Every structure is written in C-alpha cells, then in structure tokens.
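Novice: Quick one: sequence plus predicted model below, questions after.
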Amino acid sequence: MSKPTIADLAKAAGVSPTTVSHAFSGRRYVDPETRKRIEALAETMGYRPNHRARRLRTGGAGSIALVSSMPFAVAAGPSRLGFLMEIAAAAAVAAFSRDIALCLVPPLGPRDRLDALEVDGAIVVEPERNDPVLDFFSDRGVEVVSIGRAPGREDLPFVDLQSGTTARLLLDHLFAGGGQIGLMTGLQRRNSYLEVEAAYAAFAAEAGFAPLAVRVDERGGEQAAAAAAETLLRENPALSALCVPVDAFAAGALEAARIVGRRVPEDLRLATRYDGMRAKLAKPPLTAVDLHLDQVAAAAVDLLLARLGQPCPEPSLPPPPSLVLRASSAQAGT
C-alpha cells in the first residue's frame, strides 16, 4: 500500500494541501482546531510531513529541483547541451551561492518516476497546459514557481520569458526582407507557443499576408519538424521566410529546405528563438534571440526561495530579449 500524500491528508481534513503544509511548518496561521484535526488525521493515516522544507525555512541546508516536461528531443541540443541545460547550469550557480543544492530532473515522462524525489521547492521550465509535473508537486504541497507562465494557472508565480516580444522581434526582422512568413510551433500547449501564435496571427493581419502556421509534436524532434517543413515548403513555393522558435524544429526546417532545393537565405530566410549550440553550429548559422537565460534562471531561484521564506535578494526582471543576427536570415546586399 502506498504511503499517504499531502493531498490525501488534505482531502480527509477538508482543507487544501497548502493549509496542511502550513499546519506542520508554522509558516502561516492555521486555526488551532484545524491544526489539531490535521495532526490527528496524519497520525491515523500514517502521514509524515517533509521536514526538509522546514529545515530550509529555518536556515538549514536544503534542495530545490529544476524540472521540465519537455522531451530531450527539444530541451537538449548537441551533446545534450541545450535550452534546459543552459537554464540548469545558471540556476545551479544561483542556488549554490544561496547555500542551496539544485537537483536537475531529466524529462522522464511518467510522473511515477518522480515519487522518490524529496525537495523543498521546484522550478518548472515552460510547463504545458495541465502539466502533470505541476500536479505532482501540488499534490505534495511543494512550493513551485515556473519559468514562463503556466497556461491556465494564474495563481502560479513565474519569471516571464517575454515570448510575445521575442516573436515580434523575429517577425519584424524576417518581414523586412519582404514576402510571406510561415510559422512552426509545438503541438503541446506551452505559453511560449500560445504567445508566439497570437503574435504571428496579429502580425499577418497587419502585414496583409495569409498566415501559414503548422504545429509539430515535440516528441518527434528534428525529424518530425523536417517532415512538416518539407510539406509546407512544397505546398507553398512562394513562402519566403520561416519563423521557427524551437531550435530543434529550426534545424529540421533547415534540412527540409535542403531537400526541396530552397537555398537559405537566398530562397528562404530562417530564424529561431533560442541562441544555443544548434543555432550557432547550423549551416548557415541561424539568426536567434538572446533570452538572457542566466538572468532568467537566477530570478527564478530567487523567486522560489522568497516563496519559501529564505533570505535572498529581491528577484529582478531579466532584460528584454535581443536579436542575434546570423547568415540564415541575411537579406540581399547585407
């Protein structure tokens, strides 16, 4: 029989998991009678609170997790060095400087693989709508913040990735070369995809071209993106540019252009969001965006520790994203 979770105890007591957590930690006021009822039920059910969180709040050593439901096919690049890994490295430095250990949880898939994880708090990177990772921590009363807004979870604190601003940067740049721009995003419903798709629809309406947008399942990685991009390019020979925020998808689109005989950038301009190894090592190198992920990660660590009551600097907003121009989107004469 599995041990009871904080969610089980909260349901039995008729309160929220947060109230149960506060009843044991003393971090927030809980009605004394409610506290007694929770403690009595915990004893009856065999529930044991997570004392790691209590040690963290009282200044002892603690640990936090960095988690994402993104598959490695898009979260990691060459040699596993990609978007998630860059955030993890910066977050680990920020956490260690605050005497906190950071545990990187790889995108495992099934939530039952997380059952052995005991941490004081968690940073979830770009959660999707109804993300099971969020449910896992919520059920256990673990404090969570996200990098990128969590769709449908307005209550969840987050560090903004400014995806709408990023999309506009890329679209303005690509449209300066004229013609029609296509868009490729992920099938999963992450906030970055939602914001980019909304920005693209508005941009197409303003610019007066018919939108051509496709979604690719993240699990398919570069190969799925290459297949989708090849179809898009064959069916739309007049398409002059592609905005592909996911760098793995952009690498696939670059391969598709080669297959159909579209030269980049002469026949097709291409740009992506993440300025990682895929963008830098591509042939030609891909125009991308500096998202200032080191500062995003540090802000997320400070936001989480502040939520846990740990002394730390006031979380600061990362600077606006900035375009990194490369050969994949060069215009004639530049």
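Specialist: Yep, that arrived.

Novice: Using the record, which stretches count as separate domains in this structure?
Specialist: 6-58, 63-161+294-307, 163-291+322-329 (automatic domain parsing).

Novice: and those domains, which one is worst for confidence?
Specialist: For the domains of the chain, mean pLDDT drops lowest on domain 6-58, to a mean of 77.

Novice: Kindly reformat the domains of the chain as a markdown table containing mean neighbour count.
Specialist: The way it works is simple: take the backbone N, C-alpha and C, and place the C-beta from them, glycine included. Converted to a markdown table, the domains of the chain look like this (neighbours: other Cβ atoms under 10 Å):
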| stretch | mean neighbour count |
| --- | --- |
| domain 6-58 | 17 |
| domain 63-161+294-307 | 20 |
| domain 163-291+322-329 | 20 |
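
Novice: For the residue nearest the centre of the chain, give me its contacts.
Specialist: Centroid-nearest residue in the chain: Glu126, 1.9 Å away (criterion: Cα atoms, centre = their mean). Residues counted as contacts of Glu126 (Cβ atoms under 8 Å, 6 or more residues apart in numbering) are 68, 70, 146-148, 161, 190-192.

Novice: Can you tell me which of the residues you listed end up in helices?
Specialist: Of the contacts of Glu126, the ones assigned to helices by DSSP state H are 191-192.

Novice: and which of the contacts of Glu126 is nearest Ala297?
Specialist: Ile147 (7.3 Å; Cβ to Cβ).

Novice: Show me what that closest one bridges to in the sheet.
Specialist: Val125, Val159 (DSSP bridges).

Novice: what's the spacing between it and Asp247?
Specialist: 17 Å (Cβ to Cβ, to the nearest Å).

Novice: just Gly220 next, same as before
Specialist: Gly220 is 15 Å from Asp247, by Cβ to Cβ.

Novice: Same question for Asp302.
Specialist: 27 Å.

Novice: ok, back up a step: next one: phi and psi at the residue nearest to the centre of the chain?
Specialist: phi 40, psi 60 (degrees, to the nearest 10).

Novice: what's the distance between it and Leu169?
Specialist: For Glu126 relative to Leu169 (Cβ to Cβ), the value is 18 Å.

Novice: Over to Val324?
Specialist: Taken as Cβ to Cβ, the span from Val324 to Leu169 is 10 Å.

Novice: all strands of the stretch 1-150 of the chain, in order?
Specialist: For the stretch 1-150 of the chain, the strands defined by DSSP state E, counting those that start in this stretch occupy 62-67, 100-105, 121-125, 143-147.

Novice: could the ones you listed be laid out in CSV, adding distance to Gln331?
Specialist: As requested, those are exported to CSV (distance: least, Cβ to Cβ, whole Å):
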stretch, distance to Gln331
strand 62-67, 39
strand 100-105, 40
strand 121-125, 34
strand 143-147, 33
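
Novice: Val15: which of those is closest?
Specialist: Using Cβ to Cβ, the nearest of those to Val15 is strand 143-147, at 17.1 Å.

Novice: Thanks a lot, see you next time.
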